[in-house]
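S.K.: Prediction below, plus the sequence it came from.
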Amino acid sequence: MKSNLTAVYLSQQFGLGNEQVSMKPIGNGHINCTMLLSAPKKSLVVQKLNTEVFPKPEQLVSNACLIERHLSRKLKAGQYNLDIIRHVPTLNNNFLVECDNGVWRALEFIGGSYSEDVVANISQAQTAANAFGQFAAALEDFDAKQLHHVIPDFHNLAMRASKFKDVIKQDPANRLASCQADVDFCLSQFDLIDELNALQGNVPVRPCHNDTKINNMLFCNKSHDAKAVIDLDTCMPGYWLYDFGDMVRTFCSPEQEDSTNLDNVKVREEIFEAIVKGYVEPLKGLITEQEKQSFWLGAKVMTFMIGLRFLTDYIDGDNYFAIKHPKHNLQRAQNQLTLYRDIIAKKSTLKAILSNI
Ligand code: ADP
Ligand code: GN1
Ligand code: MG
C-alpha cells in the first residue's frame, strides 16, 4: 500500500478523518517503524510493529494497558507526575489495525517534546535517570506476573551467549572472518554469566522497563524536564541492575551508539555519577543494599550484552535490528564493546562513585 493510502486508512481507523492527512517517520528506534500521523484535528504516533520481534502484538497491547492503568492510578494519587503513553483505540474499539502487510497501533503523541540519542550534559543525565527511577518506583507495587513475557529470556546473558555460539558455528552470511577479533573478545568475557548466576536469589525480581536507553525518554521542549518514559514494550520482570546498566550504556558515551569514532567512545564519569544520583533518589526506602551493589555488574553486563547482540546479528546476516548499511551492526558492536572495555578500565573510579549511594 502506498504511504499516503496507509496514512489515510490509519487516520480513518483511529478517528482522525481523511482530510489533509500526512505521515512522516520520527525517532531512531531499531525495532518498530514509528511515524507521526498528522491531521488537522490532532496528531498521533503510529507504529508498524515488528512482528518478527513481537510475534504476538495483542500481548504488547495487553501489557501496555495494564501498565497504563497502574500508572494512571499513581498519577491520580499524586505518586507519579510524568505523562503516560496511552494506546489509542480505533473507532471500533480495537487497538490493532492490519494494513500495509503489517500490524499497526496508535499512541497519544506527546507534543512539545524531544528525544536525544546522545546525552548532552550532566543535568540531562540526572533528569532522565531520575525519571526512570520514578517509573521504577511507581511500578514497584505492580504485579509484574500479570505481564506476558513478550520476549522470553530478553536479558538472559547465558541464552545470548548460546545463540552467539550457534551463529558463529554456522556463519550463515559468511561474515565471521571479518570480525574474528571481536568474536574472540566476546568469547573471553563469558565469566560475566557466572557473576550473574551468583547474584540470583540475592536481588529481588522487579517490574522493569528493560530498555532504558536515552531515546526512550521524552523531554519538554521548554523546561527540558523529563516529560514521559516511552517504549514500554519490553516491560517485564527483571532486575533493576538491567535498567541501571542500560542507562550507563546509553547515557555515558559522548558518541552515538553506531559511531565509528572509537577513540571518543568512553565513559564520561560525571555522567555516570549523575545517573547514580538521579536514579537512586526516587528508589530510597525501596532499593536494597545488594541491589546497590549489583549496579556495577549491571553496567558491565548491559553494555557487553548489547555488543554481543549486535555482533550476533551481524554474523547472522542482520535479521533483528534495523540497519542502514551492511556493516551497521558490526560498527554498533565494535562501538559498544569499546565502551564496555572503558567501563572495565575505569572500574575503580566507577565503583567509588557507586559506593557513595
Ligand atoms: P522503537 O520500539 O522502535 O524503539 P519507540 O517507541 O521508542 O520505537 O519510538 C521511537 C521514537 O519515536 C522515540 O525515540 C521518540 O523519538 C518517538 N516517539 C515515540 N513515541 C512517541 C510519543 N508518544 N510522542 C512523541 N514522540 C514519540
Ligand atoms: C532496541 O527498540 P529500541 O530501539 O528502543 C532493542 C534493545 C536494545 C537497543 C539497542 C526489543 O531498542 O534491547 O538495547 O535496540 N529492543 C528490543 O539500541 O530488542
Ligand atoms: Mg525505542
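M.R.: Alright, I've got the coordinates. Ligands and ions are numbered 1, 2, ... in the order given.

S.K.: ok, now how distant is the spatially most central residue of the chain from ligand 1?
M.R.: Nearest to the geometric centre of the chain sits residue 211, at 2.3 Å (CA atoms, centre = their mean). Distance, residue 211 to ligand 1, using CB to the nearest ligand atom, to the nearest Å: 7 Å. Every C-beta, even on glycine, is put in place using the N, C-alpha and C of the backbone.

S.K.: any chance you could map the helices in the stretch 101-250 of the chain?
M.R.: 122-139, 157-170, 180-187, 191-199, 240-251 (DSSP state H, counting those that start in this stretch).

S.K.: Tell me which of the ones you listed sits most buried.
M.R.: When you average the neighbours per residue for each of these (mean count of other CB atoms under 10 Å), helix 240-251 leads with a mean of 28.

S.K.: close to ligand 1, is that helix?
M.R.: No - using CB under 6 Å from any ligand atom, we find that helix 240-251 stays clear of ligand 1, coming within 11.4 Å at best.

S.K.: could you list every residue that touches the nearest residue to residue 89 once chain neighbours are set aside?
M.R.: Sequence neighbours aside, residue 95 is the residue nearest to residue 89 in space, at 5.9 Å (criterion: CB to CB, 6 or more residues apart in numbering). Applying CB atoms under 8 Å, 6 or more residues apart in numbering to residue 95 gives the contacts 61, 65, 87, 88, 89, 105.

S.K.: Could you confirm whether any residue of the longest helix along the chain contacts ligand 1?
M.R.: When the chain is parsed with DSSP state H, its longest helix is helix 289-316. No - Helix 289-316 is not in contact with ligand 1 by CB under 6 Å from any ligand atom; minimum separation 13.4 Å.

S.K.: and ligand 2, which of the helices of the stretch 101-250 of the chain is closest to it?
M.R.: helix 240-251 (6.4 Å; CB to the nearest ligand atom).

S.K.: what's the angle from the closest one to helix 289-316?
M.R.: Counting by axes from the mean of the first three to the mean of the last three CA atoms, to 10 degrees, helix 240-251 lies at 60 degrees to helix 289-316.

S.K.: quick one: is helix 240-251 near ligand 3?
M.R.: No - judged by CB under 5 Å from the ion, helix 240-251 makes no contact with ligand 3; its nearest approach is 10.5 Å.

S.K.: next SSE after that helix?
M.R.: Later in the chain than helix 240-251, the nearest helix or strand by DSSP states H and E is helix 269-280.

S.K.: Output the contacting helices and strands for that following helix.
M.R.: Judged by 3 or more CB pairs under 8 Å, 6 or more residues apart in numbering; DSSP states H and E, the packing partners of helix 269-280 are helix 122-139, helix 240-251, helix 289-316, helix 347-354.

S.K.: could you give me the average pLDDT of the longest one?
M.R.: The reference is to helix 289-316. Averaging pLDDT along helix 289-316 gives 98.

S.K.: List the buried residues of the helix or strand that comes right after that helix.
M.R.: Per DSSP H and E, the first helix or strand lying C-terminal to helix 289-316 is helix 328-345. If you call a residue buried by 16 or more other CB atoms under 10 Å, then helix 328-345 has these buried ones: 328-343.

S.K.: Please tabulate the helices and strands packed on helix 269-280 in CSV and include distance to residue 182 as additional columns.
M.R.: Shown next, in CSV, are the helices and strands packed on helix 269-280 (distance: least, CB to CB, whole Å):
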stretch, distance to residue 182
helix 122-139, 28
helix 240-251, 17
helix 289-316, 6
helix 347-354, 22
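
S.K.: closest to residue 188 out of those?
M.R.: The closest of the helices and strands packed on helix 269-280 to residue 188 is helix 289-316. By CB to CB, the value is 10.9 Å.

S.K.: Do that closest one and ligand 2 come into contact?
M.R.: Yes - counting by CB under 6 Å from any ligand atom, ligand 2 has neighbours in helix 289-316: residue 306.

S.K.: Tell me which residues of that helix come out buried.
M.R.: Those would be 291-316, for helix 289-316 by 16+ other CB under 10 Å.
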